[in-house]
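Asks: Sequence and predicted structure, then a few things I'm wondering about:
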Amino acid sequence: MKQYYLYFFALMMSATLYFVFAALQNDAAILTATFGDVQFASLFKASGFLLLGIAAIFMLYANSIFLKRRSKEIGLYQLIGLTQNKVSLLLIIENMLLGLGALLIGIGAGALMSRLFLLILMKLIGIQGVITLNFSSEAAVQTAYVFAALIGLTIIQMLFKVYRTTLLDLFKAERQSDHPKQPNQVLSAVIGLIGIALIATGYTVAGKLSGAQLPMQILIILVSTILGTYLLFRVTIGWLFYRYRRGKNGQLGLTNSLSLAPIMHRLKANANSLTLITILSAMTLTMVAIAYSLYYSSETEARAMLPYDFTLEDNRQEAAAFRTELEKAGIGFNQVNIEAVGLKGTFGNEANGKSRSVLLLPAEKLQKDGIDIAVPQPGTAVWYKGQRNALEQETDTAAFPLMVSSEDSKLQLDIQVAKTVDRYAMNYSLSGRQLVVSAATLQSIREQLSLQGEQTIVDIDAYHIMAKSDYEAASALYAKHVKAEASMPDYYSYSKDSLQKFGLIIFTAGFLGLIFLIATGSILYFKQMTEAEQERKSYTILRQLGFGEREIMGGILRKQLFVFAIPLAIGIVHSIFAIKTASALTLSDITFPAAVAMAVYTLVYFLFAALTVGYYRRIVAAAL
């Protein structure tokens, strides 16, 4: 149990979280209240499969570490006369008892914690009502089936260990290490630079995603980043260590001998695990940071999409009726009437010359109503393009200013667009691309259009509700005046839907992130436990030579700094570039929420480092 207690705890936590996940997924009341959108129900199910994949990788990886630590024990059983069948049966029974105990405790803990997670979910998505949650027998059976399959995989792994490993190899397994050899300086330097170049390539491609070549670009990013990270750990860092040792003429001293030398001896074996942990950390950080950023900025995003709470287009009768109902309900509001000009035009940066609907809006009118609008220079316009989309095929590759020409060949009307702004000037549901011009420019355009008999006035009634407490009531009144087939969302409904969707995303990401964190932290802890046991005799010799516990722990702390901090640091850098790419999909600054997510992840991650240092400290203290 000294070796297996954290493994048992990790199994129990995995069972607990999966049961909670399954319970929420199988409850009809929760599905009705939260998963009105089929896409999010599918996302929840897909996340369940991803959770299983991470649990499987963790269990197999951790089990392989413990099997290696117990190789001598397995060899001794066979040496004293037990058959391979008997040894296998002993290990299978032990593993089944361990898995069954974790499963039963996990289901019990999951049943107790389901209510807590349900309250968190309701809080995130803004549901005020009460949803009852009873013990789900379906979730319990589903969890039992899943973990039976996972335990079956570990049993197969044990059978391979017993039947496919020779007795000599079993006794030598703990002593196996990657003895450092003098690397080829030129080859190591070249491969090391290739690793760095691959990572830089992934970062560069990530900053230039486009809809046309998205699948290939994602494949290039994944392959180059993962391969570059592996080469970084396998060759680049090792080459730097060798250069450092050579510069010291082999005289490393106590601290470096306890930190640098063990890493160099196990660099080949550790390259795979450190690469896996780095990539998983980057994935987790990216997933959690983006989810939290979307949730954190949902209200800002909604306001950027819908500057006004309500709009009605070319419908004065409904606008008057809506105004009357607001007054009767005692809801305070501000109403503004805006006369815009609608026409068909061709944008200069579109090679196909496709005609687009254009909506010309008066800057002074919007500015007076409190919208953050700058008045353009006479004869120019600002294109309020709305939400940025890094994956769209229409890009602003043309240099500004660009020209928007009228579709009518008889009408010589060109509007010079000075720049674009990544939000909307009016609610996004209005017809046409929103170009904001000065009142004088708009009047001049109207006069030119009227001469041709082509003038099209778009009459817009826009409303601001004074008190947030009246949003819901006003939204219900507004719904009566909008046609069912018309896509005219109001700010309250849109922000509520966004909060619900992003709340589900952050809830799912938090679940997966917790599993990822437990898996990566535990794998590192198990590997360091194994190395600590292998180095126990070295610490005994050092203590007998007169070195104190503090001196020895100084080298151990430096070693743990490499093992834990460097993969985390590289993972954070990977995630920063991924988040920077994803930020092109949002309208608000996601720096703060991303930084908070990274800080929380780092804090929890280093709790595993503290556990590892504590384990080493106990071994060093008991060395004499």
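Replies: Structure received.
Asks: tell me which residues of stretch 434-447 are tucked away?
Replies: Neighbour-count burial for stretch 434-447, counted by 16 or more other CB atoms under 10 Å, picks out 434, 435, 436, 437, 438, 441, 442, 445, 446. Any C-beta I mention is one placed from the backbone N, CA and C, and that applies to glycine too.
Asks: Quick check: the second one is in a strand.
Replies: Yes - counting by DSSP: H, G, I helix; E, B strand; the rest coil, residue 435 falls inside a strand.
Asks: Check the spacing between it and residue 487 real quick.
Replies: Note on residue 435: its distance to residue 487, by CB to CB, to the nearest Å, is 21 Å.
Asks: could the buried residues of stretch 434-447 go into CSV alongside pLDDT?
Replies: Output for the buried residues of stretch 434-447, formatted as CSV (pLDDT from 0 to 100):
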residue, pLDDT
434, 85
435, 87
436, 89
437, 87
438, 87
441, 83
442, 83
445, 79
446, 80
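Asks: mean confidence for stretch 471-482?
Replies: Mean per-residue pLDDT for stretch 471-482: 85.
Asks: same deal with stretch 569-584?
Replies: 80.
Asks: which residues touch that stretch?
Replies: 199, 202-203, 206-207, 209, 225, 229, 232, 277-282, 285-286, 289-290, 293, 388-390, 590, 594, 598, 602 (CB atoms under 8 Å, 6 or more residues apart in numbering).
Asks: Any of the residues you listed buried? List them.
Replies: 199, 202-203, 206, 209, 225, 229, 232, 277-282, 285-286, 289-290, 293, 390, 590, 594, 598, 602.
Asks: Output the contacting helices and strands for the longest strand along the chain.
Replies: In the chain, assigned by DSSP state E, the strand with the most residues is strand 333-347. Packed against strand 333-347, as judged by 3 or more CB pairs under 8 Å, 6 or more residues apart in numbering; DSSP states H and E, are the following elements: helix 316-328, strand 355-362, helix 363-368, strand 402-406, helix 439-452, strand 457-465.
Asks: Redo these as TSV? Include distance to residue 81.
Replies: As requested, these are exported to TSV (distance: least, CB to CB, whole Å):
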stretch	distance to residue 81
helix 316-328	90
strand 355-362	85
helix 363-368	90
strand 402-406	86
helix 439-452	97
strand 457-465	84
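Asks: before we move on, the earlier item: what's the closest of the buried residues of stretch 434-447 to residue 48?
Replies: Closest approach between the buried residues of stretch 434-447 and residue 48, by CB to CB: residue 434, at 41.5 Å.
Asks: Return the set of residues that bridge with that closest one.
Replies: residue 359, residue 384 (DSSP bridges).
Asks: can you pull the contacts of it?
Replies: By CB under 8 Å, 6+ apart, the contact set of residue 434 is 359, 361, 383, 384, 385, 386, 424, 425, 426.
Asks: Likewise for residue 490?
Replies: Per CB under 8 Å, 6+ apart, neighbours of residue 490: 306, 309, 310, 474, 475, 478.
Asks: 6 Å instead?
Replies: 310, 475, 478 (CB atoms under 6 Å, 6 or more residues apart in numbering).
Asks: One more: residue 356?
Replies: Listed by CB under 6 Å, 6+ apart, the contact partners of residue 356 are residue 433.
Asks: and with 7 Å instead?
Replies: Shown here is residue 356, whose contacts under the criterion CB atoms under 7 Å, 6 or more residues apart in numbering are 345, 347, 433.
Asks: Could you identify the helix or strand that succeeds the lengthiest helix in the chain?
Replies: Secondary structure of the chain per DSSP state H: the longest helix is helix 491-534. For helix 491-534, the following helix or strand on the C-terminal side (DSSP states H and E) is helix 536-544.
Asks: What average pLDDT does the helix or strand hosting residue 108 get?
Replies: According to DSSP H and E, residue 108 maps onto helix 84-125. Mean pLDDT, helix 84-125: 86.
Asks: Closest one of the buried residues of stretch 434-447 to residue 511?
Replies: Closest to residue 511, out of all of those and judged by CB to CB, is residue 434, at 39.2 Å.
Asks: What distance do you get for the closest one to residue 448?
Replies: 20 Å.
Asks: what's the distance between stretch 50-63 and the middle of its chain?
Replies: 19 Å (CA atoms, centre = their mean, to the nearest Å).
Asks: can I get the CA coordinates of that stretch in CSV?
Replies: The C-alpha atoms that make up stretch 50-63 are tabulated as CSV, following Å, rounded to 0.1, in the frame of the first residue of the first chain:
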residue,chain,number,x,y,z
LEU,A,50,-12.3,11.1,-24.2
LEU,A,51,-12.4,10.7,-20.4
LEU,A,52,-12.2,6.9,-20.8
GLY,A,53,-9.3,7.2,-23.2
ILE,A,54,-7.3,9.3,-20.7
ALA,A,55,-8.2,6.9,-17.8
ALA,A,56,-7.0,3.9,-20.0
ILE,A,57,-3.7,5.6,-20.8
PHE,A,58,-3.2,6.4,-17.2
MET,A,59,-4.0,2.9,-15.8
LEU,A,60,-1.8,1.2,-18.4
TYR,A,61,1.1,3.6,-17.9
ALA,A,62,0.9,3.5,-14.1
ASN,A,63,0.5,-0.3,-14.1
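Asks: buried sites along it?
Replies: Of the residues in stretch 50-63, those buried by neighbour count under the rule 16+ other CB under 10 Å are 50, 51, 52, 54, 55, 56, 58, 59, 61, 62, 63.
Asks: my read is residue 273 is in a helix, agree?
Replies: Yes - read with three-state DSSP, residue 273 is one of the residues of a helix.
Asks: ok, it - how many residues close by?
Replies: 20 (other CB atoms under 10 Å).
Asks: thought it was touching residue 527?
Replies: Yes - Residue 273 lies in contact with residue 527 (CB atoms under 7 Å); the separation is 6.3 Å.
Asks: Flag the shaky bits of the stretch 451-600 of the chain, pLDDT-wise.
Replies: The stretch 451-600 of the chain contains residues with pLDDT under 70 at 451-455, 483-486, 582-589.
Asks: returning to what we had before: dump the buried residues of stretch 434-447 to a markdown table, plus distance to residue 105.
Replies: What follows is these, written out as a markdown table (distance: CB to CB, whole Å):
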| residue | distance to residue 105 |
| --- | --- |
| 434 | 58 |
| 435 | 63 |
| 436 | 62 |
| 437 | 68 |
| 438 | 70 |
| 441 | 72 |
| 442 | 70 |
| 445 | 73 |
| 446 | 75 |
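Asks: and which of these is nearest residue 541?
Replies: residue 434 (76.1 Å).
Asks: ok, the closest one to residue 614 distance?
Replies: From residue 434 to residue 614 the distance is 60 Å (CB to CB).
Asks: hang on, the earlier thing: contacts made by the longest strand of the chain with the rest, please.
Replies: 323, 326, 353, 355-362, 365, 369, 402, 404-407, 431-432, 442, 445-446, 449, 456-466.
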